[in-house]
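Colleague: Turn this into a model:
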Amino acid sequence: MRLALSTPTVSAGTTFVAPVHAPAPGLDPAPVPQVPTAPSEQETLLMERVSSAKTMEHIKLLNTTPRVWKSPGYAAAAEYVVAQLIAAGWDARIEERESSGMWGAKGIVKNVVAERKGTAADGERKLVIAGAHLDSVPRGPGANDNASGSGTLIEIARSLAGIDTRNDIRFVWFDGEEAGLLGSSAYAKNMSKEERERSVAMINMDMVGSQNGDIGFGLGMKSGNAMGDAIKGVALRTGSAAVLRAERHSRSDHASFDNVGIPALDFGVAVKTLNHDDPFYHSPQDTLDKINPQVLEGYGDLIAVTVLELANRSARYQG
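Modeller: Numbers count the residues shown, from 1 in each chain. Model (predicted):
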(Lines give C-alpha, C1' and ligand atoms only; values in the text may rest on other atoms or scores of the structure.)
Protein backbone atom coordinates (compact mmCIF):
# COMPACT_ATOMS: atom_id res chain seq x y z
CA MET A 1 0.00 0.00 0.00
CA ARG A 2 1.22 3.51 -0.81
CA LEU A 3 0.24 6.78 0.72
CA ALA A 4 -0.14 9.32 -2.08
CA LEU A 5 1.18 12.80 -1.42
CA SER A 6 -0.94 15.50 -2.99
CA THR A 7 0.82 18.67 -4.10
CA PRO A 8 -1.34 21.83 -4.02
CA THR A 9 -0.50 24.70 -6.32
CA VAL A 10 1.11 27.58 -4.47
CA SER A 11 2.80 30.80 -5.44
CA ALA A 12 6.40 31.48 -4.49
CA GLY A 13 6.93 32.46 -0.90
CA THR A 14 3.48 31.39 0.29
CA THR A 15 2.74 29.23 3.29
CA PHE A 16 -0.09 26.91 4.11
CA VAL A 17 -1.91 27.93 7.27
CA ALA A 18 -4.01 25.32 9.01
CA PRO A 19 -7.64 26.34 9.69
CA VAL A 20 -8.34 27.49 13.23
CA HIS A 21 -11.64 27.10 15.04
CA ALA A 22 -12.80 29.73 17.49
CA PRO A 23 -11.55 29.03 21.03
CA ALA A 24 -13.93 28.40 23.89
CA PRO A 25 -14.89 31.57 25.79
CA GLY A 26 -12.21 32.69 28.21
CA LEU A 27 -9.44 30.61 26.57
CA ASP A 28 -6.50 31.94 24.58
CA PRO A 29 -6.39 30.59 21.03
CA ALA A 30 -3.81 27.88 20.37
CA PRO A 31 -0.85 28.87 18.19
CA VAL A 32 -1.46 28.29 14.49
CA PRO A 33 0.95 25.70 13.02
CA GLN A 34 2.49 26.91 9.78
CA VAL A 35 3.94 24.48 7.28
CA PRO A 36 6.08 25.97 4.50
CA THR A 37 4.99 24.94 1.03
CA ALA A 38 7.52 26.99 -0.93
CA PRO A 39 11.22 26.17 -1.05
CA SER A 40 13.79 28.37 0.69
CA GLU A 41 16.38 30.32 -1.30
CA GLN A 42 18.97 27.61 -0.61
CA GLU A 43 16.58 24.87 -1.68
CA THR A 44 15.64 26.74 -4.86
CA LEU A 45 19.29 27.26 -5.76
CA LEU A 46 20.06 23.60 -5.15
CA MET A 47 17.18 22.41 -7.34
CA GLU A 48 18.24 24.80 -10.10
CA ARG A 49 21.72 23.31 -10.04
CA VAL A 50 20.84 19.62 -9.90
CA SER A 51 20.70 18.51 -13.51
CA SER A 52 19.45 15.19 -14.82
CA ALA A 53 21.44 15.86 -18.01
CA LYS A 54 24.67 15.98 -16.00
CA THR A 55 23.59 12.93 -14.01
CA MET A 56 23.04 11.10 -17.30
CA GLU A 57 26.63 11.93 -18.28
CA HIS A 58 27.86 10.26 -15.08
CA ILE A 59 25.63 7.24 -15.74
CA LYS A 60 26.95 6.95 -19.30
CA LEU A 61 30.57 6.91 -18.10
CA LEU A 62 29.84 4.46 -15.29
CA ASN A 63 27.76 2.23 -17.56
CA THR A 64 30.50 1.22 -20.01
CA THR A 65 31.21 -2.10 -18.29
CA PRO A 66 29.90 -4.09 -15.30
CA ARG A 67 31.22 -2.77 -11.98
CA VAL A 68 31.41 -6.07 -10.14
CA TRP A 69 32.94 -6.29 -6.66
CA LYS A 70 36.74 -6.92 -6.92
CA SER A 71 36.75 -6.31 -10.70
CA PRO A 72 38.74 -3.81 -12.80
CA GLY A 73 35.41 -2.25 -13.82
CA TYR A 74 34.61 -1.41 -10.21
CA ALA A 75 38.11 -0.06 -9.58
CA ALA A 76 37.82 2.28 -12.59
CA ALA A 77 34.41 3.48 -11.43
CA ALA A 78 35.72 4.20 -7.93
CA GLU A 79 38.60 6.26 -9.34
CA TYR A 80 36.13 8.19 -11.48
CA VAL A 81 33.99 9.07 -8.47
CA VAL A 82 37.00 10.21 -6.44
CA ALA A 83 38.13 12.47 -9.29
CA GLN A 84 34.67 14.00 -9.64
CA LEU A 85 34.39 14.73 -5.93
CA ILE A 86 37.85 16.24 -5.62
CA ALA A 87 37.04 18.48 -8.60
CA ALA A 88 33.88 19.57 -6.76
CA GLY A 89 35.92 20.58 -3.70
CA TRP A 90 35.22 17.61 -1.43
CA ASP A 91 37.70 15.61 0.60
CA ALA A 92 37.41 12.24 -1.17
CA ARG A 93 39.21 8.92 -0.83
CA ILE A 94 38.87 5.16 -1.22
CA GLU A 95 38.58 3.26 2.07
CA GLU A 96 39.39 -0.45 2.19
CA ARG A 97 37.83 -2.72 4.81
CA GLU A 98 37.38 -6.43 5.41
CA SER A 99 33.75 -7.49 5.18
CA SER A 100 31.42 -10.46 5.18
CA GLY A 101 27.93 -10.47 3.70
CA MET A 102 24.54 -11.95 4.39
CA TRP A 103 25.09 -14.71 1.79
CA GLY A 104 28.50 -15.82 3.01
CA ALA A 105 30.71 -13.70 0.75
CA LYS A 106 33.90 -12.42 2.39
CA GLY A 107 36.70 -10.13 1.28
CA ILE A 108 38.03 -6.60 0.96
CA VAL A 109 35.63 -3.85 -0.05
CA LYS A 110 36.63 -0.47 -1.42
CA ASN A 111 34.11 2.22 -0.56
CA VAL A 112 34.48 5.77 -1.88
CA VAL A 113 34.01 8.30 0.91
CA ALA A 114 33.67 12.07 0.48
CA GLU A 115 32.88 14.62 3.16
CA ARG A 116 32.71 18.26 4.01
CA LYS A 117 32.49 20.10 7.31
CA GLY A 118 29.46 22.00 8.58
CA THR A 119 29.48 25.51 10.02
CA ALA A 120 28.31 24.72 13.57
CA ALA A 121 30.82 24.67 16.39
CA ASP A 122 32.72 21.52 17.33
CA GLY A 123 30.55 19.42 19.59
CA GLU A 124 27.36 20.87 18.12
CA ARG A 125 27.61 19.62 14.55
CA LYS A 126 25.62 16.54 13.65
CA LEU A 127 26.35 14.21 10.73
CA VAL A 128 24.25 13.38 7.67
CA ILE A 129 25.22 10.36 5.59
CA ALA A 130 24.00 9.74 2.05
CA GLY A 131 24.99 6.74 -0.02
CA ALA A 132 24.52 4.67 -3.15
CA HIS A 133 26.02 1.36 -4.18
CA LEU A 134 28.54 1.71 -6.97
CA ASP A 135 28.83 -1.97 -7.90
CA SER A 136 26.67 -3.90 -10.35
CA VAL A 137 25.85 -7.53 -11.01
CA PRO A 138 28.06 -9.52 -13.44
CA ARG A 139 25.27 -9.95 -16.00
CA GLY A 140 24.65 -6.26 -16.64
CA PRO A 141 26.39 -2.88 -16.74
CA GLY A 142 23.90 -1.52 -14.21
CA ALA A 143 22.67 1.81 -15.57
CA ASN A 144 19.69 1.99 -13.22
CA ASP A 145 21.07 -0.49 -10.71
CA ASN A 146 22.88 1.53 -9.61
CA ALA A 147 24.73 4.02 -11.75
CA SER A 148 21.54 6.09 -11.41
CA GLY A 149 21.96 6.40 -7.64
CA SER A 150 25.74 6.80 -7.87
CA GLY A 151 25.45 9.49 -10.55
CA THR A 152 22.75 11.32 -8.61
CA LEU A 153 24.98 11.40 -5.56
CA ILE A 154 27.85 12.86 -7.61
CA GLU A 155 25.52 15.51 -9.03
CA ILE A 156 24.20 16.49 -5.59
CA ALA A 157 27.77 16.82 -4.31
CA ARG A 158 28.62 19.12 -7.22
CA SER A 159 25.46 21.18 -6.71
CA LEU A 160 26.11 21.81 -3.00
CA ALA A 161 29.14 24.00 -3.80
CA GLY A 162 28.93 27.26 -1.83
CA ILE A 163 25.78 26.21 0.04
CA ASP A 164 26.71 26.06 3.71
CA THR A 165 25.08 23.63 6.11
CA ARG A 166 25.02 23.41 9.88
CA ASN A 167 26.10 19.79 9.98
CA ASP A 168 28.84 17.68 8.44
CA ILE A 169 27.84 15.82 5.26
CA ARG A 170 29.37 12.49 4.27
CA PHE A 171 28.67 10.77 0.96
CA VAL A 172 29.59 7.11 0.47
CA TRP A 173 29.61 5.01 -2.72
CA PHE A 174 29.40 1.42 -1.50
CA ASP A 175 31.19 -1.61 -2.84
CA GLY A 176 29.74 -5.12 -2.83
CA GLU A 177 26.04 -4.38 -2.33
CA GLU A 178 25.09 -7.03 -4.84
CA ALA A 179 27.16 -9.61 -2.94
CA GLY A 180 25.22 -9.03 0.28
CA LEU A 181 25.52 -5.38 1.43
CA LEU A 182 29.25 -5.89 1.97
CA GLY A 183 30.42 -2.29 1.70
CA SER A 184 27.68 -0.65 3.75
CA SER A 185 27.80 -3.34 6.41
CA ALA A 186 31.53 -2.88 6.88
CA TYR A 187 31.16 0.89 6.93
CA ALA A 188 28.32 1.02 9.45
CA LYS A 189 29.85 -1.56 11.78
CA ASN A 190 33.14 0.35 11.89
CA MET A 191 31.59 3.71 12.76
CA SER A 192 32.50 4.92 16.24
CA LYS A 193 29.85 5.25 18.92
CA GLU A 194 30.22 9.02 18.74
CA GLU A 195 29.64 9.04 14.98
CA ARG A 196 26.55 6.87 15.27
CA GLU A 197 25.08 9.02 18.02
CA ARG A 198 25.56 12.28 16.16
CA SER A 199 24.18 10.93 12.87
CA VAL A 200 20.85 12.56 12.07
CA ALA A 201 20.03 10.07 9.32
CA MET A 202 21.32 7.92 6.47
CA ILE A 203 19.85 8.56 3.00
CA ASN A 204 20.10 5.73 0.47
CA MET A 205 19.46 5.97 -3.27
CA ASP A 206 19.09 2.77 -5.29
CA MET A 207 17.56 2.58 -8.78
CA VAL A 208 16.30 6.15 -9.09
CA GLY A 209 15.83 6.18 -12.87
CA SER A 210 13.32 3.38 -13.41
CA GLN A 211 11.57 3.56 -16.77
CA ASN A 212 8.08 2.75 -15.45
CA GLY A 213 8.52 3.90 -11.86
CA ASP A 214 7.01 6.66 -9.80
CA ILE A 215 9.04 8.71 -7.32
CA GLY A 216 8.94 7.26 -3.84
CA PHE A 217 10.78 6.61 -0.62
CA GLY A 218 10.52 4.41 2.43
CA LEU A 219 11.76 4.20 5.98
CA GLY A 220 14.14 1.70 7.52
CA MET A 221 12.72 -1.13 9.58
CA LYS A 222 13.54 0.68 12.83
CA SER A 223 13.12 4.29 11.72
CA GLY A 224 10.43 6.51 13.21
CA ASN A 225 7.45 7.90 11.31
CA ALA A 226 8.30 11.53 12.13
CA MET A 227 11.13 11.56 9.63
CA GLY A 228 8.84 10.19 6.92
CA ASP A 229 6.32 12.93 7.64
CA ALA A 230 9.09 15.54 7.39
CA ILE A 231 10.15 14.27 3.97
CA LYS A 232 6.54 14.58 2.81
CA GLY A 233 7.01 18.28 3.53
CA VAL A 234 10.22 18.30 1.52
CA ALA A 235 8.34 16.71 -1.39
CA LEU A 236 5.70 19.42 -1.12
CA ARG A 237 8.32 22.17 -1.32
CA THR A 238 10.00 20.58 -4.35
CA GLY A 239 6.70 20.18 -6.19
CA SER A 240 7.16 16.42 -6.28
CA ALA A 241 4.32 13.93 -6.44
CA ALA A 242 6.46 11.58 -4.34
CA VAL A 243 4.88 8.82 -2.29
CA LEU A 244 5.85 7.52 1.13
CA ARG A 245 5.71 3.78 0.69
CA ALA A 246 4.26 1.63 3.42
CA GLU A 247 6.72 -1.15 2.68
CA ARG A 248 9.88 -1.34 4.77
CA HIS A 249 12.59 -3.63 3.46
CA SER A 250 16.22 -4.54 4.06
CA ARG A 251 17.26 -5.12 0.45
CA SER A 252 19.63 -2.18 0.08
CA ASP A 253 22.40 -0.35 1.93
CA HIS A 254 20.16 1.72 4.21
CA ALA A 255 19.53 -1.48 6.18
CA SER A 256 23.15 -1.59 7.39
CA PHE A 257 22.71 1.79 9.10
CA ASP A 258 19.24 1.00 10.38
CA ASN A 259 20.79 -2.04 12.07
CA VAL A 260 23.23 0.12 14.08
CA GLY A 261 20.61 2.60 15.25
CA ILE A 262 20.90 5.33 12.61
CA PRO A 263 17.53 6.45 11.17
CA ALA A 264 17.39 5.43 7.51
CA LEU A 265 15.61 6.60 4.36
CA ASP A 266 15.54 4.62 1.12
CA PHE A 267 14.84 6.38 -2.20
CA GLY A 268 14.25 4.35 -5.33
CA VAL A 269 12.16 1.74 -7.06
CA ALA A 270 9.65 -0.13 -4.89
CA VAL A 271 10.61 -3.70 -4.02
CA LYS A 272 7.00 -4.88 -4.40
CA THR A 273 6.79 -3.63 -7.99
CA LEU A 274 10.44 -4.08 -8.92
CA ASN A 275 10.09 -6.20 -12.05
CA HIS A 276 7.26 -4.03 -13.40
CA ASP A 277 8.97 -0.72 -12.70
CA ASP A 278 12.26 -1.97 -14.11
CA PRO A 279 11.85 -4.99 -16.41
CA PHE A 280 15.60 -4.81 -17.16
CA TYR A 281 16.61 -5.32 -13.51
CA HIS A 282 19.84 -7.38 -13.21
CA SER A 283 19.99 -7.97 -16.94
CA PRO A 284 22.35 -7.06 -19.82
CA GLN A 285 19.64 -4.61 -20.97
CA ASP A 286 20.11 -2.36 -17.92
CA THR A 287 21.65 0.33 -20.12
CA LEU A 288 21.56 4.12 -20.43
CA ASP A 289 18.68 4.18 -22.91
CA LYS A 290 16.41 2.57 -20.30
CA ILE A 291 16.75 5.46 -17.84
CA ASN A 292 13.70 7.72 -17.45
CA PRO A 293 15.08 11.30 -17.36
CA GLN A 294 11.92 12.71 -15.74
CA VAL A 295 12.08 10.21 -12.90
CA LEU A 296 15.81 10.87 -12.52
CA GLU A 297 15.20 14.64 -12.35
CA GLY A 298 12.44 14.25 -9.78
CA TYR A 299 14.56 12.07 -7.54
CA GLY A 300 17.53 14.42 -7.90
CA ASP A 301 15.57 17.42 -6.62
CA LEU A 302 13.84 15.49 -3.86
CA ILE A 303 16.97 13.82 -2.53
CA ALA A 304 19.07 16.98 -2.78
CA VAL A 305 16.60 19.00 -0.70
CA THR A 306 16.27 16.10 1.75
CA VAL A 307 20.04 16.18 2.26
CA LEU A 308 19.85 19.94 2.85
CA GLU A 309 16.91 19.58 5.24
CA LEU A 310 18.72 17.03 7.39
CA ALA A 311 22.06 18.82 7.17
CA ASN A 312 20.55 21.85 8.90
CA ARG A 313 18.86 20.04 11.76
CA SER A 314 20.15 20.21 15.32
CA ALA A 315 18.74 16.81 16.31
CA ARG A 316 17.10 13.68 14.95
CA TYR A 317 13.38 13.60 14.29
CA GLN A 318 11.68 12.08 17.32
CA GLY A 319 8.91 9.54 17.04
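Colleague: Which residue comes closest to Glu43 once chain neighbours are left out?
Modeller: Closest residue to Glu43 in three dimensions, ignoring its sequence neighbours and counting by CB to CB, 6 or more residues apart in numbering: Val305, at 5.0 Å. Just so you know, the C-beta spots here come from the backbone N, C-alpha and C atoms, and that holds for glycine as well.
Colleague: How much space separates Lys54 from Thr306?
Modeller: 19 Å (CB to CB, to the nearest Å).
Colleague: neighbour count winner among these two?
Modeller: In this view Lys54 and Thr306 are compared by other CB atoms under 10 Å, and Thr306 has more residues nearby, 26 against 16.
Colleague: Distance from the chain centre to the helix or strand Gly149 falls within, please.
Modeller: Mapping Gly149 onto the secondary structure by DSSP states H and E places it in helix 148-159. Mean-position distance between helix 148-159 and its chain equals 9 Å (CA atoms, centre = their mean, to the nearest Å).
Colleague: for stretch 202-218, same thing?
Modeller: On CA atoms, centre = their mean, the centre of stretch 202-218 falls 9 Å from the chain's centre.
Colleague: Look at that stretch and report the distance between its end residues.
Modeller: In stretch 202-218, first residue to last residue: 12 Å (CA to CA, to the nearest Å).
Colleague: can you pull the buried residues of that stretch?
Modeller: Going by neighbour count (16 or more other CB atoms under 10 Å), the buried part of stretch 202-218 is 202-210, 213-218.
Colleague: Mind picking the two most distant members of the residues you listed?
Modeller: Met202 and Asp214 (22.6 Å; CB to CB).
Colleague: which residues in this protein form helices?
Modeller: 41-49, 52-62, 72-87, 148-159, 182-189, 193-198, 225-238, 254-258, 274-277, 293-311 (DSSP state H).
Colleague: and the gap between the residue nearest to Glu43 and Ala241?
Modeller: The value you get for Val305 to Ala241, if CB to CB is used, is 15 Å.
Colleague: out of those two, which sits in the more crowded spot?
Modeller: Ranked by neighbour count (other CB under 10 Å), Val305 and Ala241 place Val305 first, with 26 against 14.
Colleague: Tyr317: how many residues sit nearby?
Modeller: 18.
Colleague: go on, Pro293?
Modeller: Pro293: 12 neighbours (other CB under 10 Å).
Colleague: swap in the one 5 residues further on?
Modeller: Neighbouring residues of Gly298 were enumerated by other CB under 10 Å; the total is 23.
Colleague: Just to check, it is in contact with Ala242?
Modeller: Yes: counting by CB atoms under 8 Å, Ala242 is a contact partner of Gly298 at 7.4 Å.
Colleague: which neighbours do those two share?
Modeller: Ile215 (CB atoms under 8 Å, 6 or more residues apart in numbering).
Colleague: Low-confidence stretches in the stretch 51-200 of the chain?
Modeller: Within the stretch 51-200 of the chain, no range satisfies pLDDT under 70.
Colleague: ok, now with 90
Modeller: Applying pLDDT under 90 to the stretch 51-200 of the chain picks out residues 100-104.
Colleague: how close does Trp90 sit to His249?
Modeller: 30 Å.
Colleague: of those two, who's got more company?
Modeller: Trp90 (21 against 15).
Colleague: Chain neighbours aside, what residue packs nearest to that one?
Modeller: Counting by CB to CB, 6+ apart, Trp90 lies nearest to Ala114, which is 4.2 Å off, once chain neighbours are set aside.
Colleague: same check, this time on Asp258
Modeller: In space, and not counting its chain neighbours, Asp258 is closest to Gly220: 3.3 Å by CB to CB, 6+ apart.
Colleague: Return the distance of that neighbour relative to Gly101.
Modeller: Per CB to CB, Gly220 is found 18 Å from Gly101.
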